[in-house]
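A.B. asks: Kindly generate the corresponding structure for this input.
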Amino acid sequence: MALPIRLSRFLLAALSLLALNGCATDAVTGENPRIPTTTSSAQLRPGDSLTVALQGIPDPSSHPVQIDEQGFISLPYIGNINAAGTTTNDLAQRIRETYISRKFYHSLEVSVSVTERYVYVGGEITRPGRIIWTPDLTLTKAIQSAGGFTLYAKETKVTLVRERQAYDVNIKLAQRNPAQDLLLMPGDSIQVPRSPF
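C.D. replies: Numbering: from 1, shown residues only. Predicted coordinates for the structure are as follows:
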C-alpha cells in the first residue's frame with residue numbers, strides 16, 4: 001500500500017516541476033511583436049488636453065480644452081469643432097476660419113498647443129489610470145509609473161492596444177532586453193491580465 005502512495009507523490013511532484021519549468025521558460029523566450037507606430041504622433045486624438053489662445057482681438061483669451069471621445073472641443077460662441085485627427089496648426093486654422101466666417105471677428109490670431117497627452121494602464125496594476133505621455137515613455141516605464149504589477153499579474157502576456165489593434169507583449173522580455181521594450185504613443189492603452197496561478 002505504501003508503494004502506490006509514494007509513486008503517486010512522485011508523479012505529482014514530477015508533474016508540478018514540469019508545469020513550473022514550462023512557465024519559467026515561457027517567461028523569457030521569444031520576441032515581442034513589432035508594433036507599427038501611429039500614423040503621426042503629431043495628430044491630435046481624444047483625451048489630449050489643449051490650450052487655445054485667441055489673440056489680435058479686443059478681448060484676447062486663452063481656453064484650456066480637452067478633446068472628447070467623439071473627437072471634438074468646445075469653444076465660446078462657435079461651440080463644437082472637430083479636433084481629432086488634425087494637427088495643432090490645422091486646428092488653429094479651422095478655429096480662425098470658423099470665427100471669421102460666423103462674423104464674430106474680422107481678423108484674429110489663433111494658436112493651439114498640446115498641454116498633456118496620455119496613455120492608459122489598467123488591470124493588475126497597483127495604481128491603474130492614465131499616465132502623462134512623453135516621447136521617451138516605454139511600456140516598462142508606464143507600468144513602473146503606475147506602481148508596478150500586483151501579485152496576481154500575468155507579466156508574460158500584457159495587452160497593448162494601439163489604434164484599435166491589440167498586441168500581446170511579454171514584459172519579462174522587455175525587462176531583460178531593453179530592445180524588446182516598446183515605445184508608447186499617445187492614446188495607447190495597456191491592460192495587464194490576472195494570472196491563473
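
A.B. asks: Where in the protein is the helix or strand with the lowest mean pLDDT?
C.D. replies: Sorting the helices and strands of the chain by mean pLDDT, DSSP states H and E puts helix 2-28 at the bottom, at a mean of 50.

A.B. asks: what's the helix or strand following it packed up against?
C.D. replies: The C-terminal neighbour of helix 2-28 among helices and strands, as given by DSSP states H and E, is strand 49-55. For strand 49-55, the packing partners by 3 or more C-beta pairs under 8 Å, 6 or more residues apart in numbering; DSSP states H and E come out as strand 61-66, strand 72-75, helix 88-101, strand 109-116. The way it works is simple: take the backbone N, C-alpha and C, and place the C-beta from them, glycine included.

A.B. asks: can you put the ones you listed in JSON lines and add mean neighbour count, mean pLDDT and distance to Y167?
C.D. replies: Output for these, formatted as JSON lines (neighbours: other C-beta atoms under 10 Å; pLDDT from 0 to 100; distance: least, C-beta to C-beta, whole Å):
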{"stretch": "strand 61-66", "mean neighbour count": "13", "mean pLDDT": "95", "distance to Y167": "27"}
{"stretch": "strand 72-75", "mean neighbour count": "17", "mean pLDDT": "96", "distance to Y167": "29"}
{"stretch": "helix 88-101", "mean neighbour count": "16", "mean pLDDT": "95", "distance to Y167": "28"}
{"stretch": "strand 109-116", "mean neighbour count": "16", "mean pLDDT": "93", "distance to Y167": "25"}
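
A.B. asks: The residue nearest to S145 when sequence neighbours are not counted: what secondary structure?
C.D. replies: Leaving out its chain neighbours, the residue that sits closest to S145 by C-beta to C-beta, 6 or more residues apart in numbering is I131, at 5.0 Å. Following DSSP: H, G, I helix; E, B strand; the rest coil, we place I131 in the strand state.

A.B. asks: so what pLDDT did I131 get?
C.D. replies: Looking at I131, its pLDDT stands at 93.

A.B. asks: cool, and the one 5 residues further on?
C.D. replies: pLDDT for D136: 91.

A.B. asks: what's the closest non-adjacent residue to G122?
C.D. replies: That would be P128: by C-beta to C-beta, 6+ apart, it lies 4.5 Å from G122.
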